[in-house]
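Student: compute the structure for the input listed below.
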Amino acid sequence: MKKYYSLALLMLFSTVLLPAQNLKKVTGKASIQAINSQQTVVQPNSKSLTNINEDFEGYTDFSMTFAPWTTTDVDLSETYGIQDITFPNMYAPMAYLIFNPTTCVPAITNPAILAHSGNKFAGCFASVTFPNNDWLISPAISLGSNSSVSFWVKSYSDQYGLERYKVGVSTTNTDPASFTIISGSNYLEAPVAAWQQKNFDLNSYNGQTVYIAIQCVSNDAFLFMVDDFVATTTISQTTTLAGLVTDAISGAPVSGALVSVAGLTDVTDASGNYSIENITAGVLNAAFSSNITTGEAPLAVSFYDQSTEGSNTVSCSKTGYETYVNNQVVIPPGETFTLNISLSPTLTDAAMRFVLNWGELPPDLDSHLDTPSIEGTVYHVFYENQGNATAAPYAALDHDVTNGFGPETMTIYQMFDGTYKFYIYDYTGGTNPITASQAVVQIYNQNGLMQTIQVPTSGTGRYWYVCDVNGATGQLTIHNNIQELSPGIGKN
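Tutor: Next up is the predicted model:
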């Protein structure tokens, strides 16, 4: 690299200022112990990026290694320095280093050697034993579609010839032998007058994880300058809905059930599992429900807003079961969302059924049903008193789960005058509140699905007061409240 004009020349009784620094390259002994810049080969199982925007400003000045980039010095030659200038690692065998002209001693102000942006760039100095064979290799990049890479290059000077370089891609690792050159059969030359942006199409590598290399092959030149490296790609987010379909009464897997969402379908396998990929983004579902839709006039109707934004409608059906419909399923984009579904057998000998499903945590949510007075007794149906389908209380806890997901199923087989109270208790307690359980209660009668009720996502307490049922009319009164105290006679 180059020495520069004295900016001031002392003459007798006058001072003459020259227009710019004129740097010259010079050989010498490394000012610190030289470090072999041939780094360990990085394998493709290293964490990859999807986009890179690198201006080299975040690295220590004059570093010869700057992870996650790989610098590989194949020629292993000592390098030229700059006459009348000093900086760490000058003359050392190296591939590239983080060059900051403003922190050299003295600082270099010649515009020809300044960074394209900021103060720093990746610089490759001429090898004393030429030609250069030095590699600047990007971190691993996972390509989706519309993939490309660009960067800016410049020769500091053409006094010794323009800087030469090639561009390569590896789909395996950072070993120079693994790279395929994509810049053409001959080397490219970096201009001296101004920084030049180079662009390369990477679409032929879409769907793969790649490394991009800039190989300096200059022949006894001076300083090759690289800055503002940008790699871009479009990653398609794969949004998946998956889960298990079970019988709400027995808890057994249901095979052959048709699950539908966003125009896509899957049929459950022998183990009751389904998986649907590439689901489109959800929409605003204006879900206004009422506590009664039919009956003798006049009807006392209350409406409830359970609208959700970004939600999808999921349905599941099979002969012999009531059709499951949930229009409030929010599937995070780019993720796999687990939705376990419990199908209620068609109600032919029962009045009403409550089916509870939830997520993995908390592990134990319990269904509770308080009855009106039946044959002179008020009953509390829950896991310790699971009721009876053919005798008082003519209601039963059909299925109880203590390890998450559900189903927890409660059925009223015969209704009596008065009010039934249905609610859920968070038996587990602890740090996973019921409000974060993703719990859903579906209520069926002999006409099919009546209501789908999502657990509130706010509130304090371990009780979820879902609804009341008018035993004389079958009318629902939705409460959907989280509260500290039991809404009925059940305490836990």
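Student: low-confidence ranges, the stretch 51-200 of the chain, go.
Tutor: Residues of the stretch 51-200 of the chain that meet the criterion pLDDT under 70 are absent altogether.
Student: strands of that one, residue ranges please.
Tutor: Along the stretch 51-200 of the chain, the segments classed as strands by DSSP state E, counting those that start in this stretch run 52-54, 70-73, 81-82, 97-99, 121-125, 134-137, 141-142, 145-155, 163-170, 180-181, 188-190, 196-201.
Student: now tabulate those in CSV and tack on mean neighbour count.
Tutor: The C-beta positions use only the backbone N, C-alpha and C, and glycine is treated the same way. Supplementary listing: the strands of the stretch 51-200 of the chain in CSV, determined by neighbours: other Cβ atoms under 10 Å:
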stretch, mean neighbour count
strand 52-54, 16
strand 70-73, 24
strand 81-82, 26
strand 97-99, 26
strand 121-125, 28
strand 134-137, 28
strand 141-142, 20
strand 145-155, 20
strand 163-170, 22
strand 180-181, 12
strand 188-190, 19
strand 196-201, 13
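Student: relative to residue 483, how far out is residue 175?
Tutor: Between residue 175 and residue 483 the distance, using Cβ to Cβ, to the nearest Å, works out to 64 Å.
Student: give me the residue at the spatial middle of the chain.
Tutor: With the centre of the chain defined as its mean C-alpha position, the nearest residue by Cα atoms, centre = their mean is residue 334, 6.4 Å away.
Student: returning to that earlier point: looking at the strands of the stretch 51-200 of the chain, which is nearest to residue 371?
Tutor: Closest approach to residue 371 among these is made by strand 141-142 (58.4 Å; Cβ to Cβ).
Student: still on that earlier bit, contacting residues for the residue nearest to the centre of the chain?
Tutor: Residues near residue 334 by Cβ atoms under 8 Å, 6 or more residues apart in numbering: 237-239.
Student: and what of residue 116?
Tutor: With Cβ under 8 Å, 6+ apart as the criterion, the residues that contact residue 116 are 152, 154, 195, 225, 227-228.
Student: and the pLDDT at the residue nearest to it when sequence neighbours are not counted?
Tutor: Nearest in space to residue 116, with sequence neighbours left out and distances taken as Cβ to Cβ, 6 or more residues apart in numbering, is residue 227 at 3.9 Å. Model confidence at residue 227, expressed as pLDDT, equals 98.
Student: looking at strand pairing, list the partners for residue 227.
Tutor: According to DSSP bridges, the partner residues bridging residue 227 are residue 152.
Student: and the gap between it and residue 113?
Tutor: With distances defined as Cβ to Cβ, the gap from residue 227 to residue 113 amounts to 12 Å.
Student: so what's residue 195 up against?
Tutor: By Cβ under 8 Å, 6+ apart, the contact set of residue 195 is 116, 152-154, 225, 227.
Student: how about a cut-off of 6 Å?
Tutor: 116, 152, 154 (Cβ atoms under 6 Å, 6 or more residues apart in numbering).
Student: save those as a markdown table, and put in distance to residue 189 too.
Tutor: Conversion of the contacts of residue 195 to a markdown table gives the following (distance: Cβ to Cβ, whole Å):
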| residue | distance to residue 189 |
| --- | --- |
| 116 | 17 |
| 152 | 14 |
| 154 | 11 |
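Student: ok, those residues vs residue 160, which is closest?
Tutor: Proximity of the contacts of residue 195 to residue 160, judged by Cβ to Cβ, is greatest for residue 154, which lies at 14.6 Å.
Student: what sits against that closest one?
Tutor: Listed by Cβ under 6 Å, 6+ apart, the contact set of residue 154 reads 190, 195, 225.
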